[in-house]
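In: turn this into a model:
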Amino acid sequence: MNITFRNMKEEDIPQIVAIEEASFATPWTAEAFEREINMNEYAHYVVMETEEGILGYCGLWIILDESHITNIAVLPQYRGQRLGEALLQEVINKARDLGANTMTLEVRVSNEVAKKLYRRHGFQNGGIRKRYYTDNYEDGLVMWVNL
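Out: Numbering: from 1, shown residues only. Sure thing, here's the model as predicted:
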């Protein structure tokens, strides 16, 4: 499988929303992504694609020298193939290239697969956001890494 990465374009949004809906209990809307890529000067979105189409994406905010992953997802049928790891590494490299020194994210406390991935990339526990997720009020674990 030949994987490439590029910046998200507005015409990608329908595929991104489909990935969101397949991945999250409270997915972002097309309008939210449109605002992010057209109006948020801090937002950077990366898509991962093959000849079959977009398989995953990651959103990143960079403010001064700090970066924050807003969302990261891979289509369910492509999970378990280390594609999320490749996508995360691409975004870490992009954040570094854009001058970020740190990166943070939130993850559900129950999401052991994601936490294991982030720890492989040096992320550490930073704190808990109580009742962070609105679908079931699960706590969010804040994780961070020095880049």
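In: just checking, what's the longest helix in this protein?
Out: For the chain, the helix that runs over the most residues, judged by DSSP state H, is helix 83-97.
In: list the buried ones in it?
Out: Of the residues in helix 83-97, Leu83, Gly84, Ala86, Leu87, Leu88, Glu90, Val91, Ile92, Lys94, Ala95 count as buried by neighbour count, 16 or more other C-beta atoms under 10 Å. From N, CA and C alone the C-beta is placed, and that goes for glycine too.
In: look up how far Arg108 lies from the closest residue to Arg129 other than its chain neighbours.
Out: Leaving aside its sequence neighbours, Arg129 sits nearest to Gly140 (C-beta to C-beta, 6 or more residues apart in numbering; 4.1 Å). Distance, Gly140 to Arg108, using C-beta to C-beta, to the nearest Å: 7 Å.
In: follow-up on the earlier one: what average pLDDT does the longest helix of the chain get?
Out: Mean pLDDT, helix 83-97: 97.
In: show me what it is packed against.
Out: Using 3 or more C-beta pairs under 8 Å, 6 or more residues apart in numbering; DSSP states H and E as the contact criterion, the secondary-structure elements in contact with helix 83-97 are strand 43-50, strand 53-63, strand 66-74, helix 112-120.
In: format those as TSV; extra columns: mean neighbour count.
Out: Below are these laid out as TSV (neighbours: other C-beta atoms under 10 Å):
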stretch	mean neighbour count
strand 43-50	19
strand 53-63	20
strand 66-74	21
helix 112-120	14
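In: JSON lines for those, including distance to Asp12 and mean pLDDT?
Out: Formatted as JSON lines, the entries for those read as follows, by distance: least, C-beta to C-beta, whole Å; pLDDT from 0 to 100:
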{"stretch": "strand 43-50", "distance to Asp12": "6", "mean pLDDT": "97"}
{"stretch": "strand 53-63", "distance to Asp12": "6", "mean pLDDT": "97"}
{"stretch": "strand 66-74", "distance to Asp12": "13", "mean pLDDT": "97"}
{"stretch": "helix 112-120", "distance to Asp12": "23", "mean pLDDT": "95"}
